[in-house]
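Colleague: build me a model from this:
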Amino acid sequence: MKPVAVTMGDPCGIGPEITAKACADPGRTVPFVVIGDPGLLARTCRRLELPLTVRRIATVADARAAPGTLEVLDGPALPEDLPVGTVDPRAGRASYDYVRRGVELALAGEVRALTTAPLNKEALRAAGVPHPGHTEILAELSGTGTYAMMMANDELRVVLVTVHQSLRTALDALTTDRELETIRLAHRTLPRADGTGPRIAVAAVNPHAGENGLFGGEERDILAPAVRAARAEGIDASGPWPADTVFLAARQGEFDVVVAQYHDQGLIPVKYAGLAHGVNITLGLPFVRTSVDHGTAFDIAGRGIADHTPLLTALRHAARLTAPAPRP
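Modeller: Residues are numbered from 1 along each chain as shown. Got it, this is the predicted structure:
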């Protein structure tokens, strides 16, 4: 089985630490290679006193998955005095380059999936990268036009219509066509175990799903037409449902996935279960991509206290999503 490629994330954040800790964890079950700075990872292992040897490899084919070895695809070295816990354009550029190489490997079929440690949006911007986060970078690099961000844990899956933009502009960006495309994407990429399409719930924007226009017209004018169009195509979609109850209904098994309209509407219910259990999955890409659902945590970078459990969770989801389909 091919390994998963793990991008190290922003070198000034907790990415190097959680990557090294995940490799050293005795409970790790998913083999992976790292795209990052071998020197920084070696220093991180020494600082944390981890029983790992960093091994530089030129290609994925050189990986051996030997116990006690952290295999890193060789690349340009970062300066050793790069300040930890700060925004630095050099770190922003490096983290972008890690993702770019990961996409290249995934598109070439050299790895089974891509799992990413966190980026820092300010560092990306300082490095001249115009994208606000992983989702948009991955879409551009892979030539993907229709994509969506999904947050998931063992109880809930949420697909977002809008992602990294202000609430005011997110509401302005909602259209029936965009809603319908997101519903279609969820239907296409999230089949149930029995091969049928997922039961998709569409979350409303306004209180009480707008109360037939009393509290806003988005449900009547934008969301409901998208649901009707999806159902006409044979998609099991329903709503719009009041957002204050639909996520609970999904957790209780009434729905397989909820389509949320903006970032915090969808992420708060998932993250409430705990950061260790949430995974960020990009739908629509020509390869599987999973990620931790936390940031670079500059406030604790370099202190040795970062929890690597979310990265292990993201790796398990990547392995699950790329597992061979069971034979009939």
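
Colleague: assign the most centrally placed residue in the chain to helix, strand or coil.
Modeller: The structure's the chain has its C-alpha centroid closest to residue 280; by C-alpha atoms, centre = their mean the separation is 2.8 Å. Here residue 280 is strand, with the state taken from DSSP: H, G, I helix; E, B strand; the rest coil.

Colleague: that one and residue 225: what is the separation?
Modeller: Per C-beta to C-beta, to the nearest Å, residue 280 is found 29 Å from residue 225. (Each C-beta comes from the backbone N, C-alpha and C, glycine too.)

Colleague: same question, residue 202
Modeller: Counting by C-beta to C-beta - residue 202 and residue 225 are separated by 11 Å.

Colleague: okay, the two: which has more neighbours?
Modeller: Higher neighbour count among residue 202 and residue 225: residue 202, with 28 against 15, using other C-beta atoms under 10 Å.

Colleague: you'd agree the more buried one is up against residue 236?
Modeller: No: in this structure residue 202 lies outside contact range of residue 236 using C-beta atoms under 8 Å: 11.5 Å.

Colleague: which residues sit against stretch 25-32?
Modeller: Stretch 25-32 is contacted from outside by 1, 3-6, 22-23, 63, 65, 115, 308, 312, 315-316, 318-319, using C-beta atoms under 8 Å, 6 or more residues apart in numbering.

Colleague: before we move on, back to that, bridged to the residue nearest to the centre of the chain, which residues?
Modeller: residue 151, residue 291 (DSSP bridges).

Colleague: packing partners for the longest helix belonging to the chain?
Modeller: Looking across the chain with DSSP state H, the single longest helix is helix 89-107. Contacts defined by 3 or more C-beta pairs under 8 Å, 6 or more residues apart in numbering; DSSP states H and E place helix 89-107 against strand 4-7, strand 32-35, strand 113-116, helix 121-126, helix 134-142.

Colleague: does residue 214 count as helix, strand or coil?
Modeller: Note that with three-state DSSP, the state of residue 214 is coil.

Colleague: same question, the one 10 residues further on
Modeller: Taking three-state DSSP as the rule, one finds residue 224 in the helix state.

Colleague: and it, what is it in contact with?
Modeller: Contacts of residue 224 by C-beta under 8 Å, 6+ apart are 239, 240.

Colleague: I'd like to know how far it sits from residue 262.
Modeller: Look at residue 224 and residue 262: by C-beta to C-beta, they are 18 Å apart.

Colleague: circling back: so for residue 150, which of the helices and strands packed on helix 89-107 sits nearest?
Modeller: Proximity to residue 150, assessed across the helices and strands packed on helix 89-107 by C-beta to C-beta, is greatest for helix 134-142 (10.0 Å).

Colleague: distance between that closest one and the chain's centre?
Modeller: Relative to the chain's own centre, helix 134-142 is displaced by 11 Å; criterion: C-alpha atoms, centre = their mean, to the nearest Å.

Colleague: repeat for stretch 48-68
Modeller: Relative to the centre of its chain, stretch 48-68 is centred 24 Å away, using C-alpha atoms, centre = their mean.

Colleague: just stretch 16-30 next, same as before
Modeller: Its chain's C-alpha centre and that of stretch 16-30 lie 18 Å apart, by C-alpha atoms, centre = their mean.

Colleague: now do that stretch, average pLDDT.
Modeller: Averaged across stretch 16-30, pLDDT comes to 95.
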